[in-house]
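> okay, sequence plus prediction incoming.
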Amino acid sequence: MSYRALARKSVLSWAVVAVGARLPVAMAPLAAVFLVRERPGGYTLGAVLAAVYVLGEIVGAPVLGMRMRGERARPQLAVGLAVGAAGFTGLGGLGAWPDVPPWALAVCAFVAGAAPAAAPGALRALLTSLVPERAAAQALSFESMLTFGVWAVAPAATAGLALSVAPWVPLVLAGGLMAASVAGLWLLPVGWLSPDRSAGAASAGREEVGVGIRVLMRAWPVYVTGAASLSLLAMAELILPALLEQRGFGVGLAGPLLAGFSIGSAVGAFVYGLRSWPGRLPLQSFVLVLGVSVCVVGVASAPWAWAMAVGLVAAGVLQAGAMLTRNLTLREVLPDGALAAGYSVLYAAVGAGYAVCGSLAGVLLGVMSAQGAVVCGVGVTVVLAVVGWTGERRAARPVGVGGRVRVSGGWSRSRGGAAR
């Protein structure tokens, strides 16, 4: 299946809504720093606000994702995005007043992170329902390219607006974009499960539509490997400036190098969706995470800036494939009614992995060189990847019949073709 299957009006409408919902998320951490940087201790407060925002995402994604109804998700999505828009706007509005207490800013940051945290998973499930089943890989590749594009644009837009207009403008703009995405929801279906499919799943068994913890934890190896995958990105982003300084390069190179990582990720997402790849999805993911690990170690060891750039671009290409295999594996493991919740839990796990490795990076930089910190971080990632791979191998024992194959740990849709 080629990308031509995505050439439809509904997918274009989805893309517009997704940009409105995700650009604020990409802007938020840096915007929080710019908002308060001119206060006493501003950078520290900005880092705290960014951390509170991420904590809101980690808490909100699984809690709200588990309550999402696949047959009628629009009202829940609209409320979450609307409250998130209010959180962004409130944070920007309050931040314009220098006497506002930090706790009030923290509350707004938490609400801005938590309220719309289930939207990425729900929008992903909605996108795959808009295309033929056999085009799911292409749809998820398209989503990844869109996401990487948003994350490439967001830092420059945030910094430009904060420095040239006013520090509160990026957050107010983020609130306006998220509010606009609420209106765009009415261009899309009300949910990704039709009433007939939902009723059929319910008659087949409560477990098919129940989104309880037991159902979601069938996919625990996916969450572990997802956390391992993005922990490498945390190491690359947060230790890169120290690594450049250690090599005698200007820390200003960090921006272009990370832009190269994003470009490589967009290319990798496009290439992955062009064809089917050999091997089962868990094996693909494990190999790709190991490949990213090798690239990151190469970046930490390279004595030349151009070699570091090549390593980061290669890491981006492989990272995109690793992320896509995680999303596709969830489609194999979880029932349709639990997909959005599963995506939300994966989103939270990835955010937690990023936050933990970010904290670990700060601790390691205090006791060893930047190169040593990267190598230690890669070691943690490899351990997590092995744990996830082992869990997925044990969960891959088919014990059922029919169009859906019961496996130890979840349900797998029968599909033709390798790795699909």
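Good, I have the coordinates.
> show me how this protein divides into domains.
Per the record, the chain has its domains at 3-143+150-192, 211-413, by automatic domain parsing.
> may I see the buried residues of stretch 75-95?
Burial within stretch 75-95, assessed by neighbour count using 16 or more other Cβ atoms under 10 Å, is assigned to 76-78, 80-82, 84-92, 94-95. Placement of C-beta: from N, CA and C, glycine included.
> quick one: whichever strand or helix holds Ala31 to chain centroid distance?
Following DSSP states H and E, one finds Ala31 within helix 9-36. Helix 9-36 sits 12 Å away from the centroid of its parent chain (Cα atoms, centre = their mean, to the nearest Å).
> check which residues of the next helix or strand after that helix are buried.
Past helix 9-36, further along toward the C-terminus, the next helix or strand under DSSP H and E is helix 42-65. Of the residues in helix 42-65, those buried by neighbour count under the rule 16+ other Cβ under 10 Å are 45-46, 48-65.
> and the domains of the chain, which one's lowest on average pLDDT?
Taking the mean pLDDT of each of the domains of the chain, the lowest value is held by domain 211-413, a mean of 79.
> tell me how far that domain is from the chain's mean position?
Once both centres are worked out by Cα atoms, centre = their mean, domain 211-413 turns out to sit 10 Å from its chain's centre.
> who touches stretch 109-117?
With contact meaning Cβ atoms under 8 Å, 6 or more residues apart in numbering, stretch 109-117 is reached by 21, 24-25, 28, 32, 49-50, 52-61, 64-65, 80-81, 83-84, 86-88, 90-91, 178, 344, 347-348.
> now the helix holding Ala31: buried residues?
In helix 9-36, counting by 16+ other Cβ under 10 Å, buried: 10-11, 13-15, 17-36.
> give me the neighbour count for Ala302.
Look at Ala302: counted by other Cβ atoms under 10 Å, it has 18 neighbours.
> touching, it and Met308? I think so.
Yes. Because the distance of 4.8 Å satisfies Cβ atoms under 8 Å, Ala302 is recorded as touching Met308.
> how far away is the residue nearest to Val172 when sequence neighbours are not counted from Val59?
With Cβ to Cβ, 6 or more residues apart in numbering as the measure, Gly92 is the residue that lies nearest to Val172, at 4.0 Å, once sequence neighbours are left out. Distance, Gly92 to Val59, using Cβ to Cβ, to the nearest Å: 22 Å.
> would you map the helices across the stretch 51-200 of the chain?
Assigned by DSSP state H, counting those that start in this stretch, the helices in the stretch 51-200 of the chain fall at 74-95, 102-114, 119-129, 136-164, 169-184, 195-204.
> quick one: closest of those helices to Pro256.
Closest to Pro256 of these, according to Cβ to Cβ: helix 136-164, at 11.6 Å.
> gap between Tyr223 and Arg22?
Taking Cβ to Cβ as the criterion, Tyr223 is separated from Arg22 by 21 Å.
> cool, and Ala315?
For Ala315, the distance to Arg22 - Cβ to Cβ - is 22 Å.
> try Gly121
When distances are taken as Cβ to Cβ, Gly121 and Arg22 turn out to be 12 Å apart.
> between the helices of the stretch 51-200 of the chain, which one is nearest to Thr329?
Using Cβ to Cβ, these put helix 136-164 closest to Thr329, at 11.0 Å.
> counting by contacts, list what that closest one packs against.
For helix 136-164, the helices and strands in contact under the criterion 3 or more Cβ pairs under 8 Å, 6 or more residues apart in numbering; DSSP states H and E are helix 9-36, helix 119-129, helix 169-184, helix 254-272, helix 305-333.
> which strands and helices sit next to the second one?
I take that to be helix 119-129. Where contact means 3+ Cβ pairs under 8 Å, 6+ apart, helix 119-129 is packed against helix 9-36, helix 42-65, helix 74-95, helix 136-164, helix 339-365.
> among those helices, which is nearest Arg280?
Minimum separation from Arg280 across the helices and strands packed on helix 119-129 (Cβ to Cβ) falls at helix 136-164, 13.9 Å.
> the closest one vs helix 9-36, what angle?
30 degrees (axes from the mean of the first three to the mean of the last three Cα atoms, to 10 degrees).
> the chain should start at 31 in everything you say after this.
Okay, using 31 as the starting number, the last item reads as helix 166-194.
> tell me the contacts of the residue nearest the centre of the chain?
The structure's the chain has its C-alpha centroid closest to Tyr377; by Cα atoms, centre = their mean the separation is 5.4 Å. Tyr377 makes contact with 87, 91, 95, 147, 150-151 under the criterion Cβ under 8 Å, 6+ apart.
> over to Ala296?
Counting by Cβ under 8 Å, 6+ apart, Ala296 touches 174-175, 178-179, 182, 346, 350.
> Val212 too?
Contacts of Val212 were listed using Cβ under 8 Å, 6+ apart, and they are 108, 111-112, 115.
> thinking again about what came up before, for the helices and strands packed on helix 166-194, which one ends up most surrounded?
When neighbours are counted by mean count of other Cβ atoms under 10 Å, the highest per-stretch mean among the helices and strands packed on helix 166-194 falls to helix 149-159, a mean of 26.
> cool, thanks, talk later.
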